[in-house]
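for reference, the sequence and a predicted model appear below.
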Amino acid sequence: MRRRTGLVVAGAAALAWGEWLNRRWSRALVGDGRGASSAVVVLGYRNPGDTANLINRWRVRAGVRSLTADGTHEGRLILSGGTTGSGATEARLMADYAKEALGYDGPVLLEDRSTTTWENITNVIPLLEDVDRIKIVSQPAHALKARAYLRRQRPDLAERLVRADDYRPGEWIAVKPLLALYGLWSLRGLRADERKATP
């Protein structure tokens, strides 16, 4: 009985830790944002198939909901990702999913040359110059890394970063501890000031 109780407590603690860390990452390197225009950048994930994979489908859904999360409707959806197989680019597969499965009919821009997160940010910068608010959508650790890269490449644009709707309490809860562990590994190259949650 004690062993079972211990396992339950340990499991609950792991879920709470994963939830807390992902929430913290979602709030790092963002401001409150001013202005009417916005861009939501959705980062693609390893999609060698001919349709959007599970992770890219979720990221597109989070991107679409991020467009209207703050009550504004003057936004563009930027889908970023190059070819990881022999077929269509990640950006194209995500665009097809947004249109066909989600019925999204708003402005969409494709960035279809990137194969790394650094390239994602480098290649979307020209598409962000004229917007007031920038949201980057991915799993929280990956989105934080992308925000840090924007801060390194274009600090002036990084001042326009605001929170995306890619973290919700309880969403993906069973895998959040794994996402947190992977996030700690993938964020090891960030400086302490780049990991700090915005007050």
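Sure thing, it's come through. Numbers count the residues shown, from 1 in each chain.

how about the nearest residue to K176 once chain neighbours are set aside, what does it touch?
Nearest non-adjacent residue to K176, counting by C-beta to C-beta, 6 or more residues apart in numbering: G18, 3.3 Å away. For every residue, glycine as well, the C-beta is placed using N, CA and C. The contact partners of G18, by C-beta atoms under 8 Å, 6 or more residues apart in numbering, come to I173, V175, K176, P177, L178, L179, A180.

out of the residues you listed, which end up buried?
Buried members of the contacts of G18, scored by 16 or more other C-beta atoms under 10 Å, are K176, P177, L179, A180.

CSV for the residues you listed, including distance to E100, secondary structure and pLDDT?
Converted to CSV, these look like this (distance: C-beta to C-beta, whole Å; DSSP: H, G, I helix; E, B strand; the rest coil; pLDDT from 0 to 100):
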residue, distance to E100, secondary structure, pLDDT
K176, 29, helix, 92
P177, 33, helix, 91
L179, 28, helix, 90
A180, 33, helix, 91
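
which two in those are spaced the farthest apart?
Pairwise distances across the buried ones among the contacts of G18 peak at 7.3 Å for P177 and L179 (criterion: C-beta to C-beta).

for stretch 101-114, measure first residue to last.
24 Å (C-alpha to C-alpha, to the nearest Å).
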